[in-house]
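>>> based on what follows, work out the 3D shape:
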Amino acid sequence: MRSRTASTNFGLRFFYFAFACLLYSIWRAVDLLVQVELTGEYEHSPIVTADNTLTLLKKETGIG
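Numbers count the residues shown, from 1 in each chain. From the prediction side, this is the model:
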């Protein structure tokens, strides 16, 4: 699902882009660390997926 913005403000649109890049980079770094911790090596297919994360959050918080 992609977010929509109709803003013509360059600063706001750049912030959305930079924030999305930051979140993606954090997700990939966490996935790398989890893979190395669990298996001792890194494969390009992610272990930490959105589905796994949402399932864990539902289980831990009871929300959902």
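
>>> what secondary structure does the residue of the chain most remote from its centre sit in?
In the chain, counting by Cα atoms, centre = their mean, Thr8 sits farthest out from the average C-alpha position, at 26.3 Å. Classification of Thr8 using DSSP: H, G, I helix; E, B strand; the rest coil returns coil.

>>> which residues are contacting stretch 42-55?
Trp27, Arg28, Val30, Asp31, Leu32, Val34, Gln35, Val36, Leu38, Gly64 (Cβ atoms under 8 Å, 6 or more residues apart in numbering). Quick note: C-beta positions are derived from backbone N, CA and C, even for glycine.

>>> against Phe10, how distant is Gln35?
37 Å (Cβ to Cβ, to the nearest Å).

>>> which one of the two is surrounded by more residues?
Gln35 (18 against 8; other Cβ atoms under 10 Å).

>>> model confidence for the more buried one, exactly?
pLDDT, Gln35: 87.

>>> contact partners for it?
Applying Cβ under 8 Å, 6+ apart, the residues contacting Gln35 are Glu41, Tyr42, Glu43, Ile47.

>>> count residues in the vicinity of Leu32, would you?
Neighbours of Leu32 using other Cβ under 10 Å come to 16.

>>> what about it, distance to Pro46?
9 Å.

>>> do Asp31 as well
Distance from Asp31 to Pro46, by Cβ to Cβ: 5 Å.

>>> okay, these two: which has more neighbours?
Asp31 (18 against 15).
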